[in-house]
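Student: give me the fold of what follows.
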Amino acid sequence: MSSKDWLEKDFYAVLGVPKSAPATDIKKAYRKLARELHPDHNPGNAGAEDRFKAVSEAYDVLSDDRKRREYDEMRSLFESGAFRRSARGAGAGQPFDMSDLFGQGMGRDQRFSGASFSDLFGSIFSGGTGPTGYRTGPARGRDVETEILLDFRDAVRGVDVPVTLRAPMVCDVCHGNGAKPGTKPRTCPHCGGSGMVTRNQGAFGFTEPCRDCQGVGTIVDEKCPECRGTGGVTKTRTLQVRIPPGVADGQRVRLAGRGEPGERGGPAGDLFVRVILRPDTVFGRSGDDLTVTVPVTYAEAVLGAEVRVPTLDGMVKVRVPAGTPSGRMLRVRGRGVPKRDGHSGDLLVTVDIVLPTPDELTAEAREALETFASLTRPARRDHLEDLR
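Tutor: Alright, predicted model coming up:
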């Protein structure tokens with residue numbers, strides 16, 4: 001994405017959030033729009049597909065603290081009119097000092113210190129990198145993002161899943177160069193293949209993308225009939241994606257080079273697969289640890305017992321110490337979420353003491369409880385006296 005895109009596009013408006021929106025609101029707005037506009041839910045709807053791409057592009061910038069800060073600074077700079085004020089001052093006969101312009105336009109931002117006038121505008125309007133901050137030649141394709149819904153346990157263990165999406169791909173007819181079969185692109189005679197031209201305007205010289213070749217450096221005389229010279233076509237494709245063990249809800253899995261193809265043979269962007277997890281009926285998660293709640297009887301909690309506890313790999317026995325209160329957490333080592341270093345987190349077992357209802361008590365059980373209560377009442381009375 002070029003810096004020019006940052007100036008022309010209001011990413012906050014695309015997501016429908018104010019500029020002051022916190023990261024949580026931005027994420028919530030993106031998820032809502034992504035689900036509504038996803039190509040799988042809108043087959044054949046080109047408008048929804050374009051909006052889905054715009055929403056993904058906006059979220060890619062606003063979800064990254066560094067990118068968002070730079071985006072806000074760049075738009076604020078130009079919306080303030082600093083450059084327009086400097087230009088008017090020079091036109092009115094005032095001394096036009098380039099250092100003054102950068103002082104007004106850039107404030108105290110040291111990232112632009114020492115930059116030349118043409119370097120600044122070149123980096124903003126060309127969106128590339130080259131000898132003077134310009135990108136020349138074939139452009140890299142845009143990144144693509146999609147979502148998949150996974151079961152909680154599949155995400156913990158890791159799984160291979162097919163992902164179907166409708167997105168641009170390299171044209172099979174021209175193999176990405178945009179030229180009709182039997183022909184090939186020729187070097188642009190106007191820029192000599194550099195993709196950039198310099199023009200003089202008064203006392204200044206401006207370097208800008210070549211208009212004949214749009215900054216690519218080559219010209220296609222006979223365009224490919226399949227992609228019409230772009231080098232890419234939109235198709236529905238299915239990819240087999242490996243979801244690594246331990247992936248968390250909302251985490252993105254990156255597939256390098258599987259995004260949109262680059263223009264005229266440029267490198268492809270990346271594909272990001274965002275994982276959304278279905279809640280599990282038994283297990284929860286806390287970082288790399290799994291959580292589970294296990295019911296025990298009052299007698300088991302008081303006297304101590306071995307209880308069977310579920311894990312992802314089957315049942316295990318856990319010792320409940322005598323006198324365990326309800327809510328106490330027991331730890332089972334190595335039965336949690338796999339980590340990248342080959343180890344696993346733990347299973348955190350919360351004890352939940354389940355009391356019998358009156359209907360569940362037999363006459364013998366009630367009599368036994370009354371006897372127990374009478375025997376423990378003095379101890380309880382002494383404890384209350386100590387509290388006073």
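Student: which stretches of the stretch 101-250 of the chain have low pLDDT?
Tutor: The model of the stretch 101-250 of the chain has pLDDT under 70 over residues 101-139, 201-205.
Student: strands along that one, start to end?
Tutor: 144-151, 159-170, 186-187, 196-201, 204-209, 218-219, 232-243 (DSSP state E, counting those that start in this stretch).
Student: so for L347, which of these sits nearest?
Tutor: Minimum separation from L347 across the strands of the stretch 101-250 of the chain (CB to CB) falls at strand 144-151, 18.3 Å. All C-beta atoms are positioned from the backbone trio N, CA, C, and that covers glycine.
Student: got TSV for the strands of the stretch 101-250 of the chain, with distance to Y59 too?
Tutor: Output for those, formatted as TSV (distance: least, CB to CB, whole Å):
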stretch	distance to Y59
strand 144-151	8
strand 159-170	16
strand 186-187	38
strand 196-201	32
strand 204-209	28
strand 218-219	33
strand 232-243	20
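Student: so for E300, which of those strands sits nearest?
Tutor: With CB to CB as the criterion, E300 lies closest to strand 144-151 of the strands of the stretch 101-250 of the chain, at 31.8 Å.
Student: partner strands of that closest one, with direction?
Tutor: Using DSSP bridges, strand 144-151 pairs in its sheet with strand 271-278 (parallel).
Student: got the buried residues for the strand it pairs with?
Tutor: Of all the residues in strand 271-278, those buried under the rule 16 or more other CB atoms under 10 Å are L271, F272, V273, R274, V275, L277.
Student: so who does the spatially most central residue of the chain touch?
Tutor: Centroid-nearest residue in the chain: R252, 5.5 Å away (criterion: CA atoms, centre = their mean). Residues in contact with R252 (CB atoms under 8 Å, 6 or more residues apart in numbering) are E145, F272, V273, R274, V275.
Student: where exactly do the helices run in the stretch 51-200 of the chain?
Tutor: Using DSSP state H, counting those that start in this stretch, the helices of the stretch 51-200 of the chain run over 65-79, 82-91, 98-106, 117-126, 152-157.
Student: can I get the buried residues of strand 271-278 in CSV including distance to A23 and pLDDT?
Tutor: Converted to CSV, the buried residues of strand 271-278 look like this (distance: CB to CB, whole Å; pLDDT from 0 to 100):
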residue, distance to A23, pLDDT
L271, 23, 90
F272, 17, 92
V273, 21, 92
R274, 15, 92
V275, 18, 93
L277, 20, 91
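Student: which two of those residues have the greatest separation?
Tutor: Taking CB to CB, no two of these sit farther apart than L271 and L277, at 19.6 Å.
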